[in-house]
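1. attaching a predicted model along with its sequence, questions to come.
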Amino acid sequence: QSALTQPRSVSESPGQSVTISCSGTSSNVGYYNYVSWYQQYPGKAPKVMIYDVSKRPSGVPDRFSGSKSGNTASLSISGLQAEDEADYYCCSYAGNYTWVFGGGTKLTVL
Amino acid sequence: EVHLVESGGGLVQPGGSLRLSCAASGFTFSNFWMSWVRQAPGKGLEWVVNINHDGSETYSVASVKGRFTISRDNAKNSLYLQMSALRAEDTAVYYCARGANGLRYFDWGQGTLVAVSS
């Protein structure tokens, strides 16, 4: 199975909003509402930020939101803060108990 | 709080074998699917293999089929990954993860580095 497609990098200024896209197919993102997003700082383990397309685990700021349209999922971050600078990965259920990740997006807060 | 601690990583020659372990605590281990996810140096995350609650079902990515075997010991709250016929492209940090089947997301350990090189 091929990885989901994410932009390699995005950048925005503090206080602004940014959206990271995650493109899949009708066999994964487009078919299942099991898209999750992970934040990863260099040298650290990933942390879940969004699951089931748009649900936030407890403790995740409401500045983080998720959505999906067709075969593309999106992670939006509003009111950007310096601490949001990290790598972000999307993940989707791909059927038959398997999962597929995106290639990752490096977010730079200018 | 979910706590996952991996061990067993290291340097191994191509064609060699290695067994990773993951000690779980903070949740009822036997109630959850478990996975191994890896990340090659400077690269993205790749789901590798998972196992159901009682160890009767496993699923893996094509590139490791026949070489990697996941198992679990619910009495010891432990997850394992037996890796054989290792290749240079298997070099990565291997994360033990709770989920995602059922849970719909992954909770992560801190990872253990496996380096395959002569």
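-> Right, received. Where do you want to start?

2. residue contacts, the residue lying farthest from the centre of chain A?
-> Taking C-alpha atoms, centre = their mean, the residue of chain A most remote from its mean C-alpha position is residue A:96, at 22.2 Å. Residue A:96 makes contact with residue B:59, according to C-beta atoms under 8 Å, 6 or more residues apart in numbering or on different chains. The way it works is simple: take the backbone N, C-alpha and C, and place the C-beta from them, glycine included.

3. where does it sit: helix, strand or coil?
-> Assigned with DSSP: H, G, I helix; E, B strand; the rest coil, residue A:96 falls in the coil class.

4. phi and psi next, for it.
-> Torsion angles at residue A:96 (phi, psi; degrees, to the nearest 10) stand at phi 50, psi 40.

5. over to residue A:51?
-> phi -140, psi 170.

6. could you give the bridge partners of it?
-> Beta-bridge partners for residue A:51, by DSSP bridges, are residue A:55.

7. can you tell me which residues contact it?
-> With contacts defined as C-beta under 8 Å, 6+ apart, the neighbours of residue A:51 are A:34, A:35, A:36, A:37, A:57, B:104, B:105.

8. per-residue pLDDT, the last one?
-> Reading off the per-residue confidence, residue B:105 sits at a pLDDT of 91.

9. the strands in chain A, which residues?
-> A:9-12, A:18-23, A:35-40, A:47-50, A:64-69, A:72-77, A:86-93, A:99-101, A:105-109 (DSSP state E).

10. next up, the contacts around residue B:54.
-> Contacts of residue B:54 (C-beta under 8 Å, 6+ apart): B:30, B:74.

11. and it, helix, strand or coil?
-> Criterion first, three-state DSSP; result for residue B:54: coil.

12. excluding its backbone neighbours, what's nearest the spatially most distant residue from the centre of chain B?
-> Centroid-distance maximum for chain B: residue B:118 at 23.0 Å, with C-alpha atoms, centre = their mean. Counting by C-beta to C-beta, 6 or more residues apart in numbering or on different chains, residue B:13 is the residue found nearest to residue B:118 once chain neighbours are left out, at 5.4 Å.

13. what's the answer for residue A:78, then?
-> residue A:17 (4.4 Å).

14. surely the one you found meets residue A:79?
-> Yes: using C-beta atoms under 8 Å, residue A:17 is in contact with residue A:79, at 7.3 Å.

15. beta partners of residue 35?
-> I went with chain A, as the question did not name one. Bridge pairing for residue A:35 - DSSP bridges - gives residue A:92.

16. other chain: chain B
-> Going by DSSP bridges, residue B:35 forms beta bridges with residue B:50, residue B:97.

17. residues contacting residue B:69?
-> Per C-beta under 8 Å, 6+ apart, neighbours of residue B:69: B:58, B:81, B:82.

18. distance check, the first one against chain A.
-> Going back to what we said before, that points to residue B:58. 9 Å (C-beta to the nearest C-beta, to the nearest Å).

19. touching, that residue and residue B:50? I think so.
-> Yes: in terms of C-beta under 8 Å, residue B:58 counts as a neighbour of residue B:50; the distance is 6.8 Å.
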